[in-house]
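J.: turn this into a structure:
(one chain, ligands or ions: 2)
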Amino acid sequence: MVEVARKYVFDFDSTLTQVEALDVLAEMTLQGKSNKDEVVAEIQHITNLGIDGEISFTESLEKRIKLLDAHRDDLDRLVTELRKKISKSIAANKEFFDKFSDDIYVISCGFKEFIDPIVAEYNIPPDRVYANTFKFDEDGNIVGFDETNVLATHNGKIECLKRLDLDGEVQVIGDGYSDYVMREAGIADKFFAYTENVHREKAANNADHVAPNLDEFLFVNDLPRNISYPKNRIKILLLENVHHDAFENLSEDGFSVELVKHSLTEEELVEKVKGIHVLGIRSKTQVTPKVLDAADKLLVVGAFCIGTKQIDLEYAKKRGVVVFNAPYSNTRSVVEMAIGQIIMLMRNIFTRSTELHQGQWNKTAANAHEVRGKNLGIVGYGNIGKQLSVLAEALGMKVYYYDIEDKLALGNARKCDTLEDLLSVSDVVSLHIDDNKANKNFIGEREINQMRDGAHLINLSRGFVVDIPALVDALKSGKIGGAAIDVYPTEPRINGAFETELQGLPNVILTPHIGGSTQEAQKDIASFVPNKIMNYINSGNTVDAVNFPNIRLPKQQNAHRFLHIHKNVPGIMAHINEVLAKYDMNITGQYLSTDSDVGYVITDIDKDYDKEVMKALRNVEHTIKFRVLY
Ligand SMILES: NC(=O)c1ccc[n+]([C@@H]2O[C@H](COP(=O)([O-])OP(=O)(O)OC[C@H]3O[C@@H](n4cnc5c(N)ncnc54)[C@H](O)[C@@H]3O)[C@@H](O)[C@H]2O)c1
Ligand SMILES: O=C(O)CC[C@@H](O)C(=O)O
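T.: Ligands and ions are numbered 1, 2, ... in the order given. Here you go, the predicted structure:
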């Protein structure tokens, strides 16, 4: 850690705190007044004009104080509110304020009456806070401000800093133009535009560096900090139009997130994945060894769906890339669609509907049946299959199921010992087996011939599970009475033209892989998967990872956390611990989980450590990835 002679000059409003204090004061004093909203909006407008240098600061202050209508007693309430509004990354980095207390100043066009008590908690005494002061009348009403204070004048911060005549490199950290001008005037050496709470174009465009949080500022200056690598430097790429909430959730946590509406080809992804730490996909994007080799920074792949066979899970593991999915979020959506399709098929609704669209009235009961009392055969009694079983029974169907695993029957469902048993008894067969490649052509000519004449087939699992030419023949011959198909052996990456031999056949419901595409499911996925991702990035938790040894970790305070992923070879833990011992690390906790290929060990150690240990741990033979958390 480099400690050069520097002075750090912080702005207060929207930098140390998330808000503009006078706006908060206005909210309080105008509470209950009929014109409150207009006055608050007016105050905010005047504040912004002042910050952006559009009107003189003195003018902005005068106008705002007049509109505020505040009293001395309101200031205590304001301080209480502001304490709750300290910028998140400022609050998380008290160590910096403790350690560099003598070098930190606040220069603000706000007011000492509320700034002093707030920043005192960050070790900044009143004599290093330069700000305005209010004028009160004898009843305690705020009636003005000390006009002789240089900070009450236009560009007063420049003059204030000049008078301070600080030694060493002077760095200004603030969100507004009035902070930048100190650098422009040559009084400060560097200006950091602080954008954690508000992003002001004018300040950001003129900054030496844009700091989305204090972590970034501390990282750039190699100063003590709560996390070793600022989150804004962690790049997340979300493909395939995942729900916008995922973007919100991850951005809110401080990551840099890019959204792409569609899937990318292997070649496109090989280029795009460079420098990306987290990749979010759905079912279309193939994460191949070539993609994983190009992914120089990749830590996690989030599958925003159930299926994960589009990802080379084993190769990802070998590269130390953890994969998460959302195993239950869209289950209900698929089940509801299956229920709808069972009814639609058994009533021949789509045939009647198509006829009527074409102008043909065909009121008939031919081939139209109630589902009550009919036999539903569920193949694959997993999360979806089981839930379908329960809802179908509620409709009065008799449920049969077949699974390669030994699954307990729910309700009155009957287990079949063989697929043939199930096929021979079912009026409707619904496929819900997993996306294992071994299930290719699971339903072909032979299995179709084992079905009842005129039975219906539903496939909401994976396209390759059904031999499509065999199904087409059976639909044409009438062996199969109808089908609902949502998934196809080959599906396009983007919305547009699509062809299948199933098109144009009567009583065939075709949908474009939308079994899980409901607002509810996508919203749930957009919270579930980002939570898994954040837990891994922020704490190292791999609970529910689909390709990685699972570890659930406590959040560690006042300690550094080392994450080490390695090939699972004999003696490696001894090597890691030899290195830790050599560098005199005081281990406060160690957690290990392994599978036959990789080991994942987390070591929590006391705060101070020799940075050389990181190099030494990276150099331990068979290391796949090493990361320090905080
Ligand atoms: N259409 C969509 O939009 C959509 C949405 C969600 C899930 N899915 C797909 O639905 C399928 C089921 O999802 P799930 O969450 O219920 O999965 P799951 O893993 O919970 O259940 C799958 C079940 O199939 C069984 N199985 C696997 N191969 C089998 C075989 N050859 N014979 C009999 N049983 C077999 C497994 O033992 C397991 O019980 C998956 O393929 C998934 O990708 C599609
Ligand atoms: O949303 C998708 O692209 C896939 C939906 C479904 O097949 C799944 O695997 O969850």
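
J.: tell me which parts of the stretch 401-550 of the chain are close to ligand 2?
T.: Residues of the stretch 401-550 of the chain lying close to ligand 2 (C-beta under 6 Å from any ligand atom) are Gly516. Where you see a C-beta, it was placed from the backbone N, CA and C, and this is true even at glycine.

J.: point out where the stretch 401-550 of the chain drops to low pLDDT.
T.: By pLDDT under 70, the stretch 401-550 of the chain has no low-scoring segment.

J.: and the helices in it?
T.: 419-425, 445-450, 468-477, 519-539 (DSSP state H, counting those that start in this stretch).

J.: how about TSV for those helices, with distance to Asp103 and mean neighbour count added?
T.: Putting the helices of the stretch 401-550 of the chain into TSV (distance: least, C-beta to C-beta, whole Å; neighbours: other C-beta atoms under 10 Å) gives the following:
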stretch	distance to Asp103	mean neighbour count
helix 419-425	74	19
helix 445-450	76	16
helix 468-477	71	17
helix 519-539	30	20
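
J.: can you get me a residue count around the closest residue to ligand 1 within the chain?
T.: At 1.7 Å from ligand 1, Gly382 is the closest residue in the chain, using C-beta to the nearest ligand atom. Residues lying near Gly382 (other C-beta atoms under 10 Å) number 18.

J.: ramachandran angles for it?
T.: The phi/psi pair for Gly382 (degrees, to the nearest 10) reads phi -100, psi -150.

J.: quick one: it and His432 touch, right?
T.: Yes - Gly382 is in contact with His432 according to C-beta atoms under 8 Å; the separation is 6.4 Å.

J.: out of the helices of the stretch 401-550 of the chain, the one nearest Gln31 is which?
T.: Judged by C-beta to C-beta, the one of the helices of the stretch 401-550 of the chain that comes nearest to Gln31 is helix 519-539, at 33.8 Å.

J.: which other helices and strands contact the closest one?
T.: Packed against helix 519-539 by the contact rule (3 or more C-beta pairs under 8 Å, 6 or more residues apart in numbering; DSSP states H and E) you find helix 244-252, strand 278-281, strand 300-303, strand 322-324, helix 331-346.

J.: one more time with 6 Å
T.: For helix 519-539, the contact count by 3 or more C-beta pairs under 6 Å, 6 or more residues apart in numbering; DSSP states H and E identifies helix 244-252, strand 300-303, strand 322-324 as packing neighbours.

J.: what angle sits between the helix or strand following it and helix 519-539?
T.: Later in the chain than helix 519-539, the nearest helix or strand by DSSP states H and E is strand 559-567. Strand 559-567 and helix 519-539 are oriented at 100 degrees to each other (axes from the mean of the first three to the mean of the last three C-alpha atoms, to 10 degrees).

J.: measure the most centrally placed residue in the chain to Val242 for me?
T.: Closest to where the C-alpha atoms of the chain average out (C-alpha atoms, centre = their mean) is Leu250, at 3.0 Å. Leu250 sits 10 Å away from Val242, going by C-beta to C-beta, to the nearest Å.

J.: and for Gly516?
T.: 12 Å.

J.: ok, now Ile142?
T.: From Ile142 to Val242 the distance is 49 Å (C-beta to C-beta).

J.: can you name the farthest residue from the center of the protein?
T.: Furthest out from the centre of the chain (C-alpha atoms, centre = their mean) sits Glu138, at 53.5 Å.

J.: returning to that earlier point: output the helices of the stretch 401-550 of the chain in JSON lines; the columns should cover distance to Asp608.
T.: Below are those laid out as JSON lines (distance: least, C-beta to C-beta, whole Å):
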{"stretch": "helix 419-425", "distance to Asp608": "63"}
{"stretch": "helix 445-450", "distance to Asp608": "66"}
{"stretch": "helix 468-477", "distance to Asp608": "64"}
{"stretch": "helix 519-539", "distance to Asp608": "21"}
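
J.: up against ligand 2, what does the stretch 201-350 of the chain have?
T.: Arg282, Ser283, Cys305, Ile306, Gly307, Asn330.

J.: out of those residues, which are buried?
T.: Buried by 16 or more other C-beta atoms under 10 Å: Arg282, Ser283, Cys305, Ile306, Gly307, Asn330, out of those.
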